[in-house]
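Asker: A predicted structure for the sequence below; I have some questions about it.
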Amino acid sequence: GAGVSQSPSNKVTEKGKDVELRCDPISGHTALYWYRQSLGQGLEFLIYFQGNSAPDKSGLPSDRFSAERTGGSVSTLTIQRTQQEDSAVYLCASSLMTDTQYFGPGTRLTVL
Amino acid sequence: GEDVEQSLFLSVREGDSSVINCTYTDSSSTYLYWYKQEPGAGLQLLTYIFSNMDMKQDQRLTVLLNKKDKHLSLRIADTQTGDSAIYFCGGGYGGATNKLIFGTGTLLAVQP
């Protein structure tokens, strides 16, 4: 079956612009996670969605970052007024409840 | 918070065994994972071990967990050039949010 998909695969934007990154989880997976992988850094947890529960936003680095998950499936991560330090690979993962997480290929964001 | 550390680089010859090490600070992880990331790709789950286990073997992969020393290792037998990638260890905490805390990753370079 299909895995986690993300779009776009690459995004280049100018400083100050807003960007939207999309994640399509594995069908039937109730949990969805966003992580960020910065150059020279490990993977950093950003946000977690589980069913209809309130999301765990504890990893979002600033109020410029937000995410939503519509209909319990597709999720969009939005970064407003992008800064150069936002340049990273943004990875999405999904799982059945809190079981093993399966990752998408990521979106490479470059802020000029 | 949790801190996970890995060495940054390991170079081995094809056919040799590789051992990638990981240490962590928080012993409350329910599961400990190893993920593989090939160039330009997302994370691929390799294997995981429950925190109440000492060892898990899966074909060429052997995971050892020393809870007393908070040390996790991944041994790859008969390392192949296709094993060249970045390897991440991560701890999952179950509960309401099974967010993963990752190390910085170990780049494994396999020389022919």
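Answerer: Here it is on my side, so go on.

Asker: Validate this expectation: B:Gly82 resides in a helix.
Answerer: Yes - the assignment for B:Gly82 is a helix, going by DSSP: H, G, I helix; E, B strand; the rest coil.

Asker: what's near enough to touch it?
Answerer: Contact analysis of B:Gly82 by C-beta atoms under 8 Å, 6 or more residues apart in numbering or on different chains lists nothing. Where C-beta positions appear, they are placed from N, C-alpha and C, glycine not excepted.

Asker: so what's it scoring on pLDDT?
Answerer: We note a pLDDT of 94 for B:Gly82 in this prediction.

Asker: what do you get for B:Thr30?
Answerer: What the model reports as pLDDT for B:Thr30 is 75.

Asker: and it, what are its phi and psi?
Answerer: phi -80, psi -40 (degrees, to the nearest 10).

Asker: so where do the strands sit in chain B?
Answerer: Taking DSSP state E as the test, the strands found in chain B are B:4-6, B:9-13, B:18-24, B:31-37, B:43-50, B:55-58, B:61-66, B:71-76, B:85-92, B:100-102, B:106-111.

Asker: what about the residue of chain B found nearest chain A, how many residues close to it?
Answerer: Of all residues in chain B, the one sitting closest to chain A is B:Asn98 (3.6 Å; C-beta to the nearest C-beta). Residues lying near B:Asn98 (other C-beta atoms under 10 Å in any protein chain shown) number 20.

Asker: With A:Tyr33 instead?
Answerer: 27.

Asker: do you know how far the residue nearest the centre of chain A is from B:Gln111?
Answerer: The C-alpha lying nearest the average C-alpha coordinate of chain A belongs to A:Trp34 (C-alpha atoms, centre = their mean; 3.6 Å). Distance of A:Trp34 to B:Gln111, given as C-beta to C-beta, to the nearest Å: 36 Å.

Asker: cool, A:Ser73 as well?
Answerer: With distances taken as C-beta to C-beta, A:Ser73 is found 44 Å from B:Gln111.

Asker: What of B:Gly15?
Answerer: As for B:Gly15, its distance to B:Gln111 is 10 Å (criterion: C-beta to C-beta).

Asker: which parts of stretch B:43-63 are buried?
Answerer: B:43, B:46-49, B:51, B:62-63 (16 or more other C-beta atoms under 10 Å in any protein chain shown).

Asker: would you list the residues you listed in JSON lines and tack on distance to chain A and pLDDT?
Answerer: Compiled in JSON lines, the buried residues of stretch B:43-63 are given as follows (distance: C-beta to the nearest C-beta, whole Å; pLDDT from 0 to 100):
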{"residue": "B:Leu43", "distance to chain A": "4", "pLDDT": "89"}
{"residue": "B:Leu46", "distance to chain A": "11", "pLDDT": "93"}
{"residue": "B:Thr47", "distance to chain A": "10", "pLDDT": "92"}
{"residue": "B:Tyr48", "distance to chain A": "7", "pLDDT": "89"}
{"residue": "B:Ile49", "distance to chain A": "12", "pLDDT": "90"}
{"residue": "B:Ser51", "distance to chain A": "14", "pLDDT": "83"}
{"residue": "B:Thr62", "distance to chain A": "19", "pLDDT": "96"}
{"residue": "B:Val63", "distance to chain A": "14", "pLDDT": "96"}
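
Asker: which one of the residues you listed is nearest B:Ala77?
Answerer: B:Thr62 (7.3 Å; C-beta to C-beta).
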